[in-house]
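**Student:** show me how the following folds:
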Amino acid sequence: MNEPVDIRLIEGRQRAEDMRRLQAGEVTLEALQRENSNSFIWSAADILYVDLSPKGTEESWARIIENLQRNSESI
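**Tutor:** Alright, predicted model coming up:
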């Protein structure tokens, strides 16, 4: 899976499936709301996966921090 995922497309498909299930009587509105409150997909802005493994070296982080400080002073 090397291509970006279109979260809006996934949301649209999920909403369409939710409406179909609701109209077919497969699920109640309350049950659907409970399912959606436990959903991984809330909006396109949500982060679905976070990689917390350490990246970079001490030197690269020092450079990044220095650049951030320099840029924040110019704001």
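
**Student:** can you pull out the helices in the chain?
**Tutor:** Per DSSP state H, the chain carries helices over the ranges 7-23, 29-37, 58-73.

**Student:** neighbours of Leu22, how many?
**Tutor:** Leu22 has 14 neighbouring residues, counting by other C-beta atoms under 10 Å. Where C-beta positions appear, they are placed from N, C-alpha and C, glycine not excepted.

**Student:** contact partners for it?
**Tutor:** Residues in contact with Leu22 (C-beta atoms under 8 Å, 6 or more residues apart in numbering) are Leu29, Leu32.

**Student:** ok, it to Asn36 distance?
**Tutor:** 11 Å (C-beta to C-beta, to the nearest Å).

**Student:** again, but for Lys55
**Tutor:** 34 Å.

**Student:** please identify which of those two sits among more neighbours.
**Tutor:** Asn36 (13 against 8).
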